[in-house]
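Q: structure, please.
(chains A and B)
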Number of protein chains: 2
Amino acid sequence: MQFNYPNGKQNTYKNNSQQSVKTIQFGKRGMSFETMLNESNDFYNARDIAVVHKKPTPIQVVKVDYPKRSAAKIVEAYYRQASTTDYNGVFNGHYIDFEAKETRNKTSFPLKNFHAHQIQHMDKCNKQHGICFILVYFSELNRCFFLPSSFLIAFWEESERNGKKSITLQQIEKHSIEINIGLAPQVPYIDALTAYISMSKTSKEKLATNE
Amino acid sequence: MQFNYPNGKQNTYKNNSQQSVKTIQFGKRGMSFETMLNESNDFYNARDIAVVHKKPTPIQVVKVDYPKRSAAKIVEAYYRQASTTDYNGVFNGHYIDFEAKETRNKTSFPLKNFHAHQIQHMDKCNKQHGICFILVYFSELNRCFFLPSSFLIAFWEESERNGKKSITLQQIEKHSIEINIGLAPQVPYIDALTAYISMSKTSKEKLATNE
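A: Numbers count the residues shown, from 1 in each chain, chains lettered A, B, ... in the order given. Presented below is the predicted three-dimensional model:
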């Protein structure tokens, strides 16, 4: 299956010989972060650990043909910009909502990966007591991080003043929970989420005790 | 905007003169349930009452053209069957997940409106303590119901034994919370949801007291 995005980027390495060569060159596992994550979601889903799905890519359909005796064929359509994050679902009573991003960069993560309305969406979900975060995968380092949206939102707002366009790896290391890329699931982000929930509870309890 | 579904049905009344005539004939408001619901979600979203979005229709893209200086154009694509429900989101710490269905039928709601994997998806979300339900709109009666998924799932499983293919209006009246179609929002389903959550709490507390 080939999956194309508005920017012309092809997101799976299949049918994309150039990227295949690159992944072999750099000795990485040769699988896109999206694929790794979809397989992880299948893993969690099959075991009743969490129900998380990637939302379909929003497409504006303009023209459809209805050939006799066969499926409707879309003959003109365009990619639309997503107004929310790519993933959401439920884990043990918690609404979870996240965006997953892969970068070839080795020292920082560029903010241009996000749109203002995605940040706004996460902010709105937080207000409803959902748990929002981003998963950042540094493909060249094979390192993955669970970064709470609170940090991203604060960084985004500051960037409008200070002009900083990237989060450094050091900042990510400091403010996120690292996820050890594994085999089954490949991206065990529910472990990081569980740790995050338990940390949040502790800090809430501390706050409550101080009151 | 024209929105086409795999079955060739056009879902908004615009650009569909036949349906427009019908809606005028029957004196209904002439707006599809989907549109009413999307406007209701916008209403809730703007007021920070709940964050709920309709998921994009899943489309399998086969061929894309990349014209110079203009947006990528999809020239061959097909509708895929949705593997989950159409709507999900977060309301005051609760994960909510639902399917919205409109029927012209006046006495019953046909089960053929659902696919087995949608029922399975709701079952899985319930296990994760999400709140799953369906909104059924009888357009000819202008009546709308909030039906908890527990009833739908049980009915679905029984239907495999007893062959019953429709839920009668009487059964829906008995097992659901009626939503009064209004103006802002047009489909105030969060009221029904709030009543349902409070009922569920009461029955859980009763159960706890009995233990």
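Q: what are the ranges of the helices in chain A?
A: Using DSSP state H, the helices of chain A run over residues A:17-25, A:33-46, A:116-127, A:149-162, A:169-175, A:189-210.
Q: can you tell me which of those helices the model trusts least?
A: In terms of average pLDDT, helix A:17-25 trails the rest of the helices of chain A, at a mean of 39.
Q: hang on, the earlier thing: turn the helices of chain A into a markdown table, columns for distance to A:Arg143 and mean neighbour count.
A: Bear in mind the C-beta positions are built from the backbone N, C-alpha and C, glycine included. Shown next, in a markdown table, are these (distance: least, CB to CB, whole Å; neighbours: other CB atoms under 10 Å in any protein chain shown):
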| stretch | distance to A:Arg143 | mean neighbour count |
| --- | --- | --- |
| helix A:17-25 | 16 | 12 |
| helix A:33-46 | 11 | 18 |
| helix A:116-127 | 22 | 18 |
| helix A:149-162 | 17 | 15 |
| helix A:169-175 | 8 | 14 |
| helix A:189-210 | 13 | 13 |
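Q: identify whichever of those helices lies nearest to B:Asn142.
A: helix A:116-127 (31.0 Å; CB to CB).
Q: count of neighbours near A:Gln186?
A: For A:Gln186, the count of nearby residues is 20 (other CB atoms under 10 Å in any protein chain shown).
Q: spatially central residue for chain A, please.
A: A:Ala100 (1.3 Å; CA atoms, centre = their mean).
Q: quick check: beta-bridge partners of the residue nearest to A:Ile74 when sequence neighbours are not counted?
A: Counting by CB to CB, 6 or more residues apart in numbering or on different chains, B:Ala77 is the residue found nearest to A:Ile74 once chain neighbours are left out, at 4.0 Å. B:Ala77 forms beta bridges with A:Ile74, B:Val61, as assigned by DSSP bridges.
Q: go ahead and confirm B:Ala77 touches B:Val61.
A: Yes - using CB atoms under 8 Å, B:Ala77 is in contact with B:Val61, at 4.7 Å.
Q: identify the contacts common to the two.
A: A:Ile59 (CB atoms under 8 Å, 6 or more residues apart in numbering or on different chains).
Q: paired strands for the top strand by length along chain A, with orientation please.
A: Using DSSP state E to define each element, chain A has its longest strand at strand A:94-103. Strand pairing for strand A:94-103, using DSSP bridges, gives strand A:87-91 (antiparallel), strand A:131-138 (parallel).
Q: can you redo the helices of chain A as TSV with distance to A:Ala71?
A: Shown next, in TSV, are the helices of chain A (distance: least, CB to CB, whole Å):
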stretch	distance to A:Ala71
helix A:17-25	30
helix A:33-46	24
helix A:116-127	33
helix A:149-162	39
helix A:169-175	45
helix A:189-210	36
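Q: ok, which of these comes nearest B:Asp191?
A: helix A:116-127 (19.6 Å).
Q: dump the closest one to CSV, keeping only the CA atoms.
A: Provided in CSV are the C-alpha atoms of helix A:116-127 (Å, rounded to 0.1, in the frame of the first residue of the first chain):
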residue,chain,number,x,y,z
ALA,A,116,-1.5,25.7,15.3
HIS,A,117,-4.9,24.0,15.4
GLN,A,118,-3.2,20.7,16.5
ILE,A,119,-1.7,22.5,19.5
GLN,A,120,-5.1,24.1,20.2
HIS,A,121,-6.8,20.7,19.9
MET,A,122,-4.5,19.2,22.5
ASP,A,123,-5.1,22.2,24.8
LYS,A,124,-8.9,21.7,24.5
CYS,A,125,-8.5,18.0,25.3
ASN,A,126,-6.4,18.7,28.3
LYS,A,127,-9.2,21.0,29.6
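Q: tell me how far it lies from the chain's centre.
A: Taking the mean of its C-alpha atoms, helix A:116-127 sits 14 Å from the chain's own mean (CA atoms, centre = their mean, to the nearest Å).
Q: what does that helix contact?
A: Helix A:116-127 is touched from outside by A:82-85, A:95, A:97, A:99, A:132, A:149-150, A:152-153, A:156, B:45, B:48, B:51, B:90, with contacts defined as CB under 8 Å, 6+ apart.
Q: okay, the angle between it and helix A:149-162?
A: Helix A:116-127 and helix A:149-162 are oriented at 140 degrees to each other (axes from the mean of the first three to the mean of the last three CA atoms, to 10 degrees).
Q: and for A:Ile49, the neighbour number?
A: A:Ile49 has 15 neighbours, counted by other CB under 10 Å.
Q: what's the closest residue in space to it that isn't next to it in sequence in contact with, if anything?
A: Closest residue to A:Ile49 apart from its sequence neighbours, by CB to CB, 6+ apart: A:Ile190 at 6.1 Å. Contacts for A:Ile190 (CB under 8 Å, 6+ apart) come out as A:Tyr44, A:Ile49, A:Ala50, A:Phe91.
Q: look up how far B:Lys63 lies from the residue lying farthest from the centre of chain A.
A: Distance from the centre of chain A peaks at A:Lys68, with 40.1 Å (CA atoms, centre = their mean). According to CB to CB, to the nearest Å, A:Lys68 and B:Lys63 sit 21 Å apart.
Q: hang on, the earlier thing: what score does the residue lying closest to the residue nearest to the centre of chain A once chain neighbours are set aside have for pLDDT?
A: Nearest residue to A:Ala100, sequence neighbours excluded (CB to CB, 6+ apart): A:Leu135, at 4.4 Å. Here the pLDDT value assigned to A:Leu135 is 98.
Q: does A:Leu135 touch A:Phe98 like I think?
A: Yes - the pair A:Leu135 / A:Phe98 is scored as a contact, 6.1 Å apart, by CB under 8 Å.
Q: picking up where we left off before, partners of the residue nearest to A:Ala100 in the sheet?
A: Residues in beta-bridge contact with A:Leu135 (DSSP bridges): A:Ala100, A:Phe146.
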